[in-house]
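**Q** this one's structure only:
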């Protein structure tokens, strides 16, 4: 699942478009690049080159989901 054929995907350096493709495949539903980008921007996860770390992205989502449960 890379933009260029033959490149290895690095979960520490993915674009929102790559992440959207991964999430769409995993969840069997359409996840758009724009949806991923909005979350990444909200968490200030995007680097100047437009990439992000998937681990940080998922951690941010988990924190957002659970923040109301532990208060």
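**A** Arrived safely, thanks for sending. Computed from a predicted model, the values in this text were never measured in an experiment.
**Q** and residue 31, how close does it get to residue 48?
**A** 24 Å (C-beta to C-beta, to the nearest Å). All C-beta spots, glycine's among them, are computed from the backbone N, C-alpha and C.
**Q** who has more neighbours, these two?
**A** Using other C-beta atoms under 10 Å as the criterion, residue 31 and residue 48 rank with residue 31 on top: 17 against 5.
**Q** remind me which residues of this structure are low pLDDT?
**A** Low-confidence segments of the chain, defined by pLDDT under 70: 1-7, 68-71.
**Q** residue 47 sits in which helix or strand?
**A** Under DSSP states H and E, no helix or strand contains residue 47.
**Q** gap between it and residue 11?
**A** Note on residue 47: its distance to residue 11, by C-beta to C-beta, is 14 Å.
**Q** those two: which has the busier surroundings?
**A** Neighbours per residue, other C-beta under 10 Å: of residue 47 and residue 11, the larger number sits with residue 11, 15 against 10.
**Q** need the contact list for the spatially closest residue to residue 61 that is not a sequence neighbour.
**A** Of all residues not flanking residue 61 in the chain, residue 39 sits nearest, at 6.9 Å (C-beta to C-beta, 6 or more residues apart in numbering). For residue 39, the contacting residues are 45, 57, 60-61, by C-beta atoms under 8 Å, 6 or more residues apart in numbering.
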